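In: Sequence and predicted structure are below.
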Amino acid sequence: MNAMTRRNDPLASGKRRGPRYAVEDVQGTLHFNTEARVLNVSLSGVALETSLPVRVGRTYTVTLRHDDEETVSLTGTVVWCHLRETRKNHLGESLPIYAAGLAFNDTLTEGANSLIRFLQRAAIITVGQRVTGRFRLTDEKLISLQTEYEFSVKNVSSRGVLLETELSPQLGAMFEIEVLLPGYTLRTRARVIHAKESRLAEKRTVSEVEMEFIDFAPSDQARLAEFIASELRPQEPPQT
């Protein structure tokens, strides 16, 4: 069981500034967005390199860009992913680099035509060559890789939430999240301050993740405070 906790954080240390409230049947969505580098691309899929592992069998949205103007977004399912190498960052730390392959799900739709037009402008294609193989892009800027993870809320406070999800996030990672409260959807950014693998469910790893709200709008703060005051009771602290 892996656990990560940020030091000297009042939310992560148990010295929270406000009580936590246990909840039931509260769900939400965590929006995962990371950068990747294209290794090669074809009409059927893309091979890419990223600093975060992607889950085999999960669907992601891949957004390719050319000259910062032309873009094409396609959905693809991860068919393989493995650790490719480690690289040193500016601090001399070794960081993992993953390679992954995604099979596009839009090859029989207008998405295929959009991809052909994109490759004709952005890929290295020789004169007379048909757009049927795998190609490298002329612009090696990072691309966007996005997906969504559903979660269930275990408890909530005025400053954050404790949730369960399939994602195993890195400490300090920030996400856009949506929490489905009765009659209202709370949307904000949140940062991971604690995470651990909690259990296995149907051959899937489920992580328990504690997040603190970032850029929390006053209107959302007020709606959350109203929900807590009207619906919830403080969670009893553990006996010592």
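Out: Looks like it came in fine. Since we're looking at a predicted model, the values are computed, not measured.
In: Helices of the protein, start to end?
Out: Counting by DSSP state H, one finds helices in the chain at the ranges 110-122, 218-231.
In: Skipping adjacent residues, who's closest to Val23 in space?
Out: Closest residue in space to Val23, ignoring its immediate chain neighbours: Val153 at 5.2 Å, by Cβ to Cβ, 6 or more residues apart in numbering. Placement of C-beta: from N, CA and C, glycine included.
In: just Ser207 next, same as before
Out: Ser168 (4.8 Å).
In: Quick check on the residue nearest to Gln221 when sequence neighbours are not counted: phi, psi?
Out: Distances taken as Cβ to Cβ, 6+ apart place Ser158 nearest to Gln221, at 7.3 Å, with adjacent residues excluded. With angles defined as degrees, to the nearest 10, Ser158 sits at phi -70, psi -10.
In: To what extent is Leu48 buried, counted in neighbours?
Out: A total of 25 residues lie near Leu48 under the criterion other Cβ atoms under 10 Å.
In: beta partners for it?
Out: With DSSP bridges as the criterion, Leu48 is bridged to Val38, Ala100.
In: Name the residue closest to the centre of the chain, please.
Out: Compute the mean C-alpha point of the chain, and by Cα atoms, centre = their mean the closest residue is Phe32, 1.8 Å away.
In: so who does that residue touch?
Out: 146-149, 167, 175 (Cβ atoms under 8 Å, 6 or more residues apart in numbering).
In: domain assignment for this protein?
Out: Per the record, the chain has its domains at 3-31+149-231, 33-145, by automatic domain parsing.
In: Low-confidence ranges, the protein, go.
Out: Residue ranges of the chain with pLDDT under 70: 1-18, 66-70, 106-113, 116, 120-141, 200-203, 233-240.
In: show me where the protein has strands.
Out: 3-5, 21-22, 27-41, 45-50, 59-66, 70-88, 94-104, 143-156, 160-165, 174-181, 184-201, 204-214 (DSSP state E).
In: Same list (those strands) but as JSON lines, adding distance to Asp220.
Out: What follows is the strands of the chain, written out as JSON lines (distance: least, Cβ to Cβ, whole Å):
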{"stretch": "strand 3-5", "distance to Asp220": "26"}
{"stretch": "strand 21-22", "distance to Asp220": "16"}
{"stretch": "strand 27-41", "distance to Asp220": "13"}
{"stretch": "strand 45-50", "distance to Asp220": "31"}
{"stretch": "strand 59-66", "distance to Asp220": "26"}
{"stretch": "strand 70-88", "distance to Asp220": "28"}
{"stretch": "strand 94-104", "distance to Asp220": "34"}
{"stretch": "strand 143-156", "distance to Asp220": "12"}
{"stretch": "strand 160-165", "distance to Asp220": "12"}
{"stretch": "strand 174-181", "distance to Asp220": "9"}
{"stretch": "strand 184-201", "distance to Asp220": "5"}
{"stretch": "strand 204-214", "distance to Asp220": "8"}
